[in-house]
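Colleague: Sequence isn't available, so here's the structure alone:
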């Protein structure tokens, strides 16, 4: 009697089908995963570039605004510096005018004092005044006359600390003389002190 086993071939076919199906599924899943990773990478790079470009544009905008503000500040600083220089110049002019007004009577009094105390054979050629005092230039026939003039100036209430700066022998038109230079300090006239206000009379009841 002959027996035919019909299960083995069928089982083999089923296994081959299952194995083939698994292989095909694996073959299909491999390329799909790679494409997905590549797509995600491209999207990530695109987003990174977008945000970087946006940040770059924002920085450029801030830089342009900062440059504009700097330009405006430079203009304002230039105007302030110009105003400061104008104010300093005006202050100097006001100070000079006040100084001249305070000393407008000093020059006549000083020249009168210097000329009145000149010994004979002594002449003045130049007198200059500054904050440190006065400088006197003149001519004399001898050093003794210059010394006499210094002593005379020292006795003046307006002139102090008279010093001989130089004395040089000169000759002109057959005569010999000495050119001298003196420095002295001027006693400035004290500013008038305002008189105290007089009290108003008070009646017997103590009312003003």
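Modeller: On my side now, so go ahead. Just so it is clear, the model here is predicted, and its values are computed rather than measured.

Colleague: Could you tell me the end-to-end distance of stretch 169-181?
Modeller: Stretch 169-181 has an end-to-end distance of 12 Å (CA to CA, to the nearest Å).

Colleague: and the chain, what are its domains?
Modeller: Residue ranges for the domains of the chain, per automatic domain parsing: 10-102, 106-186.

Colleague: which of the ones you listed is buried the deepest?
Modeller: With neighbours taken as mean count of other CB atoms under 10 Å, the domains of the chain reach their highest mean count in domain 106-186, at a mean of 14. Bear in mind the C-beta positions are built from the backbone N, C-alpha and C, glycine included.

Colleague: can you redo the domains of the chain as TSV with mean pLDDT?
Modeller: TSV is the format used below for the domains of the chain (pLDDT from 0 to 100):
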stretch	mean pLDDT
domain 10-102	76
domain 106-186	89
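
Colleague: mind listing the strands for this structure?
Modeller: Ranges of strands within the chain are 122-130, 133-140, 159-172, 175-186, based on DSSP state E.

Colleague: Tell me the strands beside the second one, with direction?
Modeller: Read it as strand 133-140. Using DSSP bridges, the strands paired with strand 133-140 in its sheet are strand 122-130 (antiparallel), strand 175-186 (antiparallel).

Colleague: out of these, which comes closest to residue 114?
Modeller: Nearest to residue 114, of all the strands paired with strand 133-140, is strand 122-130, at 6.5 Å by CB to CB.

Colleague: residues in contact with the closest one?
Modeller: Contacts to strand 122-130, defined as CB atoms under 8 Å, 6 or more residues apart in numbering, come from residues 106-107, 110-111, 114-115, 118, 134-141, 145-146, 148-149, 186.
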